[in-house]
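> Pasted the sequence and its predicted model underneath.
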Amino acid sequence: MMAVALLCCGAAASSPMVSPNGKISMEKQGNRYVVSYQQKQVLELTAGDASWTQQDNARRVEADYTMLAGKRSHCVNVANEYRVGQLVIRLYNDGLAFRYEGNQEEQTAYRIAEGTKRWMQQWTDSYEGFFPLSTTAKQQAVPSYGRQYKDADGNCVRWGYPALIEASPNPSEGGEPVFALITEANIEQGQSASSLFNGPSSENRQASSDGRVVTDEGEANEGELFRVVPDETLNPSPFTVNHSPWRVVIIGTLADVVESTLVTDVSDANKLEDTSWIKPGVVSWVYWAYNHGSDDYNIIKKYTDMAATLKLPYVLIDAEWDRMKDGKTVEDAVAYAKSQGVRPMIWYNSSVGWVDGAPTPKFRLNKPEDREKEFAWCEKIGVAGVKIDFFSGDTQRNMDYCIDLLECAARHHLLVNFHGATVPRGWQRTYPNLLSTEGVYGAEWYNNVPTFTTKAACHNATLPFTRNVIGPMDYTPCAFSDSQHPHITSHAHELALTVLYESGLQHLADRPESFLAQPQQVQDFLGQLPAAWDETRFVSGYPGESCVLARRSGSTWYVAGINGTDEPKVLTVPLGFVKGKKHKATLFADGEPWAISNKKLPTAIPCKPRGGFVMVID
């Protein structure tokens with residue numbers, strides 16, 4: 001539900017725009033806007049035409065809606081909305097959002113001063129990269145599987161969302177630092193997604209310290225983006241909308257950032273009439289152990305049996321199911337899963353990204369008539385959902401294609417997980433059958449290169465403050481054994497990721513024999529693990545160093561924390577918000593390899609290097 005009301009107190013042309021709680025303000029100074037938090041400057045940006053000066057009276061905008069999955073089931077937010085020319089600006093209590101109306105050309109740029117701490121990912125088609133701490137925009141471009149953007153000195157000039165900056169100290173005495181997380185929301189049919197670009201432009205041939213918002217329209221030539229003719233197999237819709245997506249900046253303390261629902265607050269409401277069939281859940285997943293798909297019926301049976309033993313609701317039948325060995329078919333695998341009380345999901349190649357040399361099945365979803373036939377067949381044989389992989393960036397054709405897939409899947413009661421795809425931008429509210437999206441450098445990278453082994457712990461402790469803030473994240477967590485390359489995080493660290501990371505479909509990475517060799521308490525934990533949360537609280541931590549979050553499902557709290565460093569660390573666990581409890585919890589902590597106990601709620605928990613913990617408070 002969205003309500004809009006005219007405020008009694010209008011704003012003069014030169015007066016600051018303010019959030020309802022008065023903490024966030026935005027004021028035009030020359031051709032820039034200065035954004036402040038408690039009267040301390042946080043960010044400078046340009047937006048709209050510099051000649052626009054007339055500022056309309058503020059209107060109150062209220063959002064009140066429910067989510068079937070995510071960090072909070074009941075979301076409420078309020079904003080003051082202003083208009084400056086063709087720019088619509090909303091100041092919420094936890095940030096700001098603005099968009100262009102009419103045919104106004106995008107003129108947005110964020111100034112991130114040198115010396116400012118930032119955690120930014122170099123842009124790739126699949127958004128699979130690290131968020132390293134840096135204080136400069138001059139960072140050498142890292143090798144990428146997709147398109148790369150770098151200047152003559154080899155520095156990256158294109159950056160993906162979200163981008164986190166430590167904007168300023170809190171002006172209140174002894175207060176926490178103030179952060180800003182830059183992203184966007186509400187991509188519609190006929191729109192491209194965007195990213196930040198600080199390379200040369202036609203007006204300025206030198207690289208800039210400003211991150212310009214640039215839409216993705218294909219390949220690049222000398223730092224300038226231009227449109228690529230869409231592939232005929234996609235049948236893109238000619239429909240376009242008369243406004244841009246929302247440009248979003250979440251602002252406040254780390255708690256404000258982590259707990260924010262601003263991305264879905266500004267996105268279109270749920271478009272599905274019936275959502276009773278949408279059930280978040282935990283999934284057994286084959287790829288981690290075998291670095292291969294699902295062409296072996298007997299292996300699929302192993303993962304189905306594991307799901308049944310652990311009481312997981314789903315099993316994923318991964319790539320290559322159309323080439324199953326020994327005379328078996330995917331329908332046999334689906335039937336077996338259903339016979340064991342496990343709901344099967346199956347994998348598809350989107351056939352717009354990696355096609356040549358990529359796994360099958362291919363080209364089954366691109367044309368509307370083929371997509372309709374395929375999803376109708378899935379529904380008929382009892383498939384619960386689809387994992388669609390290997391998209392090719394943020395172009396309009398990809399955005400239109402994803403929306404078409406979500407709408408068609410919903411007609412056939414299919415859950416959706418996008419892999420090798422762009423990051424969430426609010427579709428999880430508009431199409432609640434979208435329960436997860438990859439768009440993250442996750443645990444499957446233990447299969448690909450050795451880099452992840454030593455960097456995983458720090459990266460894992462950065463994701464709750466960056467990528468996972470904006471929507472569900474299919475990291476594929478929790479591996480106690482090793483894949484092609486070893487991991488050096490503790491068992492408790494790995495278990496903590498299942499709570500720390502929010503995903504409506506939580507794919508467990510490890511092999512059946514590894515999960516079933518764990519203590520019964522761990523197996524029971526996985527079988528009872530929620531994949532949707534009623535409430536999320538930030539407890540403690542700092543990007544790359546540690547993170548402790550508390551998530552509530554019904555009356556049960558799950559508290560998870562990880563140490564992102566190579567040294568022992570004591571994680572603080574202030575849990576004053578847990579009320580009406582007996583103040584006892586089941587604690588899974590670092591041991592040899594486990595230390596499992598029932599105890600009163602601790603205020604601090606020691607962790608090994610790269611360690612962690614989980615508490616379940618009933």
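Arrived safely. Numbering: from 1, shown residues only.
> quick one, helices of the stretch 351-500 of the chain?
For the stretch 351-500 of the chain, the helices defined by DSSP state H, counting those that start in this stretch occupy 368-381, 396-411, 427-430, 451-460, 491-500.
> in the second one, what counts as buried?
When you say that, I think you mean helix 396-411. 396-406, 408-410 (16 or more other Cβ atoms under 10 Å). Any C-beta I mention is one placed from the backbone N, CA and C, and that applies to glycine too.
> and of the residues you listed, the nearest to G22?
The shortest gap between G22 and any of the buried residues of helix 396-411 belongs to M399, at 36.3 Å (Cβ to Cβ).
> who are the neighbours in contact with the closest one?
187, 189, 191-193 (Cβ atoms under 8 Å, 6 or more residues apart in numbering).
> let's see 10 Å
Applying Cβ atoms under 10 Å, 6 or more residues apart in numbering to M399 gives the contacts 187-193, 215-216, 236, 245, 391, 393, 422, 425, 427.
> continuing past the helix or strand harbouring R551, what's the next helix or strand?
Assessed by DSSP states H and E, R551 sits inside strand 546-553. Using DSSP H and E, the next helix or strand after strand 546-553 towards the C-terminus is strand 556-563.
> Check which residues of that following strand are buried.
557-563.
> do stretch 131-145 as well
131-133, 137-139, 141, 144.
> Could you save the residues you listed as CSV and add columns showing distance to D274 and secondary structure?
Shown next, in CSV, are the buried residues of stretch 131-145 (distance: Cβ to Cβ, whole Å; DSSP: H, G, I helix; E, B strand; the rest coil):
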residue, distance to D274, secondary structure
F131, 38, coil
P132, 44, coil
L133, 45, strand
A137, 47, coil
K138, 52, coil
Q139, 47, coil
A141, 47, coil
S144, 41, coil
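> Now tell me which helix or strand of this structure has the poorest mean pLDDT.
None of the helices or strands of the chain scores lower by mean pLDDT, DSSP states H and E than strand 224-225, at a mean of 28.
> what sits opposite A63 in the beta ladder?
M2, N77 (DSSP bridges).
> need the contact list for it.
1-3, 75-79, 92, 261-262, 264-267, 269, 429.
> What's the ChimeraX line that selects buried ones from those?
The buried residues among the contacts of A63 can be selected in ChimeraX (16+ other Cβ under 10 Å) with this line:
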select :75,77,78,79,92,261,262,264,265,266,267,429
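> can you give me the strands in the stretch 101-250 of the chain?
Along the stretch 101-250 of the chain, counting by DSSP state E, counting those that start in this stretch, strands occupy 109-111, 118-122, 133-134, 158-168, 178-185, 194-197, 210-215, 220-221, 224-225, 246-252.
> Direction included, what does the first one pair against?
Strand 109-111 has its sheet partners listed here by DSSP bridges as strand 40-46 (antiparallel), strand 210-215 (antiparallel).
> Of those, which stretch is the most buried?
The highest mean neighbour count among the strands paired with strand 109-111, using mean count of other Cβ atoms under 10 Å, belongs to strand 210-215: a mean of 22.
> relative to helix 396-411, how tilted is that one?
Computed by axes from the mean of the first three to the mean of the last three Cα atoms, to 10 degrees, the angle separating strand 210-215 from helix 396-411 equals 60 degrees.
> tell me how far strand 210-215 is from the chain's mean position?
Averaging C-alpha positions (Cα atoms, centre = their mean, to the nearest Å) puts strand 210-215 20 Å from its chain's average.
> tell me the mean pLDDT for it?
For strand 210-215, the mean pLDDT works out to 89.
> Same check on stretch 105-123?
Averaging pLDDT along stretch 105-123 gives 93.
> Check which residues of it are buried.
In stretch 105-123, counting by 16+ other Cβ under 10 Å, buried: 106, 108-110, 112, 116, 118-123.
> Stretch 331-343 too?
Here stretch 331-343 shows 333-334, 336-338, 342-343 as buried, counting by 16+ other Cβ under 10 Å.
> Same list, those residues, but as TSV with secondary structure please.
Below are the buried residues of stretch 331-343 laid out as TSV (DSSP: H, G, I helix; E, B strand; the rest coil):
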residue	secondary structure
A333	helix
V334	helix
Y336	helix
A337	helix
K338	helix
V342	coil
R343	strand
